[in-house]
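J.: how would this look folded up:
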Amino acid sequence: MRFIADFHIHSKYSRATSHEMTVGKIAEAARTKGVKLVGSADFTHPKWLEELEQTVKPTREGLFAYDDTYFILVTEVNTTYTQNGKLRRIHHMIFAPDFDSVHRINEKLAAYGNLMADGRPTLLIDSKKLVELMLQVGEDVWVIPSHVWTPWFSLFGSNSGFDSIEECFGDHTDRIIALETGLSSDPAMNWRLSGLDRFTLISNSDAHSPSRIGREANCLDCELSYPEIMDTIRNKDRERFLFTIEFFPQEGKYHYDGHRKCDVRVAPREAMSNHDLCPVCSKRLTIGVLHRIETLSDREEGFVPPNAIPFKSLIPLDEIIGDTLGVGVDTQTVRNEYKKLISVFNTEFSILLDASIDAVGEVAAPEVAEGIRRVREGKVRIIPGYDGVYGEIRIFEKKEKQPSQLSLF
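T.: Residues are numbered from 1 along each chain as shown. As a prediction, this is how the structure comes out:
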């Protein structure tokens, strides 16, 4: 069965997360996007776990359902510790097969932090110990490092991470089956490191609001069950793991180096030539994802490993509509055009991935159809994100837009 999965989101109990991240709203947004399977989020939080257990119903093996949306039990934790004289802050996803396992996981993790404090709790434990504890719960509990390149809170992060997976996980490295690439990197960037070849690269939205669900995701063709899904990921099975859906990584908010306070965005080589210092204030730049990959890579740009899982770079439909019509994403104009398209094609991914451009053009403004075509072909211009500032997408140049021809109302 072919389906799209977004394993990593957050609930209303995580900091800086919309109060609309409830089970019902998550399921509704996933259905509109075309995401069949979504992560449960935040099962370490007692109140969210109670809500999950009361709301989702057991269905296929190891999965749960709300209406016609499936949920898989996944949470994220922040491990904070010192290793080799440096503070490490690493985010990890934890996958569990059932609620009994979840309760045993929470019992173990409660000894290392306050699970009630945040949907993504901070635990005073190192990454190796985390994997060891999860193994004590069961062989079918898996730890996958989150958004592995972001400067803060990640395995390869420039501020608190490591230079290799082995340095982080030691003797438990063999239990790490996958890595989450994060919004600021895509598989092609990760392919430049030969040491990552054996790991499956997964992509997820890390959504903090319903509208962000599915902005990155995974397309699988396997049985909808926990054992089958985890086996597909563990074996990096190209027959069952068809492709990932990616942000254009330049749009991620940590792609380039930079210093937000000085409004400075810097390409890695330029930063290196200035000793990674801000050209305005001379303080250290926030070193972005591309810089770290340039530093650690042992392959040239463009290398594709023989067992690589393909990927497709997309831009969310509301962003395409907004750029095409020259209006903000959160406007009624965009919402109306979006709803009109969904009413015909059912889901956002059916529009972005499958519908013919001619068919889209019969429903939407011709410029919207052209925008989707350009995105599919990668014909976009992006001003890279830096130091917590998202990149800016340009599908059309201003001179191409002729407002008199656009359907603004």
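J.: pLDDT-wise, which helix or strand of the protein ranks last?
T.: Ranking every helix and strand in the chain by mean pLDDT, DSSP states H and E puts strand 392-394 at the bottom, with a mean of 89.
J.: just how off-centre is it within its chain?
T.: Centroid separation for strand 392-394 versus its chain: 19 Å, with CA atoms, centre = their mean, to the nearest Å.
J.: Quick check: neighbours of that strand in the sheet, parallel or antiparallel?
T.: strand 381-383 (antiparallel) (DSSP bridges).
J.: which residues touch the closest residue to residue 224 other than its chain neighbours?
T.: Distances taken as CB to CB, 6 or more residues apart in numbering put residue 60 closest to residue 224, at 5.0 Å, once the chain neighbours are dropped. (Glycine included, C-beta is placed from N, CA and C.) Each residue near residue 60 by CB atoms under 8 Å, 6 or more residues apart in numbering is listed here: 70, 223, 224, 225.
J.: Equivalent analysis for residue 277, please.
T.: Contact analysis of residue 277 by CB under 8 Å, 6+ apart lists 283, 284, 285.
J.: try 10 Å
T.: Applying CB atoms under 10 Å, 6 or more residues apart in numbering to residue 277 gives the contacts 259, 266, 271, 283, 284, 285.
J.: And residue 299, by the same measure?
T.: 191, 192, 193, 194, 305.
J.: Now tabulate those in CSV and tack on secondary structure and distance to residue 321.
T.: CSV is the format used below for these (DSSP: H, G, I helix; E, B strand; the rest coil; distance: CB to CB, whole Å):
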residue, secondary structure, distance to residue 321
191, coil, 32
192, coil, 34
193, coil, 36
194, helix, 41
305, coil, 36
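J.: which one of those sits closest to residue 297?
T.: Distances from residue 297 to the contacts of residue 299, taken as CB to CB, are shortest for residue 192 (3.8 Å).
J.: How about the contacts made by the closest one?
T.: So residue 192 contacts 293, 294, 296, 297, 298, 299, 300, 301, 302, 303, 305 (CB under 10 Å, 6+ apart).
J.: Can you give me the pLDDT of it?
T.: Listed pLDDT for residue 192 reads 98.
J.: Residue 241 too?
T.: Confidence at residue 241, expressed as pLDDT, is 98.
J.: now residue 175
T.: With respect to pLDDT, residue 175 scores 98.
J.: same check, this time on residue 409
T.: 28.
J.: quick one, helices of this structure?
T.: Remark: helices assigned in the chain by DSSP state H are 23-33, 46-55, 99-109, 127-137, 165-169, 187-190, 226-234, 268-273, 289-296, 317-325, 332-345, 348-349, 357-363, 366-376.
J.: Report all helices and strands that the third one contacts.
T.: By that I understand helix 99-109. Using 3 or more CB pairs under 10 Å, 6 or more residues apart in numbering; DSSP states H and E as the contact test, the elements touching helix 99-109 are helix 46-55, strand 69-83, strand 86-96, helix 127-137.
J.: Looking at those, spot the one closest to residue 279.
T.: Comparing the helices and strands packed on helix 99-109 by their distance to residue 279 (CB to CB), the top pick is strand 86-96, with 26.9 Å.
J.: what helices or strands is that closest one leaning on?
T.: Contacts defined by 3+ CB pairs under 10 Å, 6+ apart place strand 86-96 against strand 69-83, helix 99-109, helix 127-137, strand 142-145, helix 165-169, strand 178-180, helix 226-234.
J.: so what strands line up beside the first one?
T.: It refers to strand 69-83. By DSSP bridges, strand 69-83 pairs with strand 37-39 (parallel), strand 64-66 (antiparallel), strand 86-96 (antiparallel), strand 122-123 (parallel).
J.: swap in the shortest one?
T.: Sheet pairing here is set by DSSP bridges, and for strand 178-180 it gives strand 200-202 (parallel).
J.: How far away from the center of its chain is the strand it pairs with?
T.: 11 Å.
J.: what sits up against it?
T.: Residues contacting strand 200-202 (CB under 10 Å, 6+ apart): 5-8, 93, 144, 148, 177-181, 185-187, 189-191, 216-218, 232-238, 241, 244, 246, 307-309, 311.
J.: Now, of these, which are buried?
T.: Among the contacts of strand 200-202, the ones that count as buried by 16 or more other CB atoms under 10 Å are 5-8, 93, 144, 148, 177-181, 185-187, 189-191, 216-218, 232-233, 236-237, 241, 244, 246, 308-309, 311.
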